[in-house]
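# Provide a 3D model corresponding to the input given below.
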Amino acid sequence: MNKNQKDLIKIFIFIFILSFILINWNDVSWLFNYRAIEGLTYDFFHPYKDSKLLVSEIIMPVNVPANESNSVLAQGLKVYPYANKDNSIEIPSLSITAPIVIGQSTDNIVLSKDLDKGAVYYPGSVLPGQEGQIVILGHSSPPNWPHIKYDWVFTDINNLKMGDKVILYFNNHQYTYKVRSKIIINPGQDVQQASLSDKSNILVLVSCWPPGKDYKRIAVETELIN
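Down below sits the predicted model:
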């Protein structure tokens, strides 16, 4: 094999690899994203310490057809109101509305990117209506901070009062929660599982405290009421 043939083979291999990358860019683009590689490496060497809050995937509940609603009620299962809205959270007393981003990683870099898009449904949280705990993270910002991305979304959750409502729209259903407590915790400290009674579904809103600072965390605990 002479030099020209070797050069032609190299050119062919280069063109083949380049064509493959271009055709499959949506599947392989993450290989060229240093943040994605860094996040995967960090997750591998720093697994989250509380495995109770981790799951491999979020399984979306199946909508119940109208002709099956009677059988569902007969089994004693709760049916929640239908809502023609995307996954989102509303806090009427604070005039807050934000999209819900389903978190896929506990890595800080990935979470930070997700938090720019809305409030993050933390990996490992149960589904709305199920017995257990949901954790939703949101950014907070200093006073008079402009509404850039969703840096502001949970800035005022300390102003929530007992009994205030938090509405979660999830998989085309509406779930209404009522505030029942607020606590301040340290960064990295686990949000303790609430004492559940009568198969309660608990939603906890978590943000930095004080707003815009990374000193502590504020956790607002709410309970499903409908």
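# show me the contacts for the most centrally placed residue in the chain.
Nearest residue to the geometric centre of the chain (CA atoms, centre = their mean): Tyr121, 2.3 Å. The neighbours of Tyr121, taking CB atoms under 8 Å, 6 or more residues apart in numbering as the test, are Ile58, Asn87, Ile100, Val101, Ile102, Gly103, Ile134, Ile136. C-beta: built from backbone N, CA, C; applies to glycine.
# Among the residues you listed, which ones are in strands?
When the contacts of Tyr121 are checked against strands using DSSP state E, the ones located there are Ile100, Val101, Ile102, Ile134, Ile136.
# Scan those and report the most crowded one.
The residue in the ones in strands among the contacts of Tyr121 with the most neighbours, by other CB atoms under 10 Å, is Ile136 (26 neighbours).
# hmm, back to that, let me know the distance separating the residue nearest to the centre of the chain from Ser112.
Relative to Ser112, Tyr121 is positioned 15 Å away (criterion: CB to CB, to the nearest Å).
# Beyond the lowest-mean-pLDDT helix or strand in the chain, next helix or strand please.
The element with the least model confidence among the helices and strands of the chain, by mean pLDDT, DSSP states H and E, is helix 69-74, at a mean of 43. Counting by DSSP states H and E, the next helix or strand C-terminal to helix 69-74 is strand 88-91.
# So what's the gap between that next one and the chain middle?
From the chain centre to the centre of strand 88-91 is a distance of 13 Å (CA atoms, centre = their mean, to the nearest Å).
# Give me the buried positions along the longest strand anywhere in the chain.
The residue-count maximum for a strand in the chain (DSSP E) belongs to strand 173-185. Residues His173, Gln174, Tyr175, Tyr177, Val179, Lys182 are the ones in strand 173-185 that count as buried (16 or more other CB atoms under 10 Å).
# Quick check: phi and psi on the residue nearest to the centre of the chain?
The phi and psi values for Tyr121, taken as degrees, to the nearest 10, are phi -80, psi 110.
# cool, and the one 10 residues further on?
Listed backbone geometry of Glu131 is phi -70, psi 130, with angles given as degrees, to the nearest 10.
# ok, now Leu224?
In terms of degrees, to the nearest 10, the main-chain angles of Leu224 are phi -60, psi 130.
# Same question for Asn201.
When read as degrees, to the nearest 10, the backbone of Asn201 gives phi -110, psi 120.
# Hmm, it is touching Leu224, no?
Yes: the pair Asn201 and Leu224 qualifies as a contact (CB atoms under 8 Å) at a distance of 4.1 Å.
# Between those two, which contacts overlap?
A shared contact of Asn201 and Leu224, defined by CB under 8 Å, 6+ apart, is any residue touching both; here these are Pro128, Gly129, Tyr175.
# Among those, which one sits closest to Asn2?
Among the shared contacts of Asn201 and Leu224, Pro128 lies closest to Asn2 (CB to CB), at 68.8 Å.
# Quick check: the nearest residue to that closest one once chain neighbours are set aside vs Val220, distance?
Of all residues beyond its chain neighbours, the one nearest Pro128 is Tyr175 (4.3 Å), with distances taken as CB to CB, 6 or more residues apart in numbering. As defined by CB to CB, Tyr175 lies at a distance of 16 Å from Val220.
# How about Leu18?
Distance check for Leu18 against Val220: by CB to CB, it reads 51 Å.
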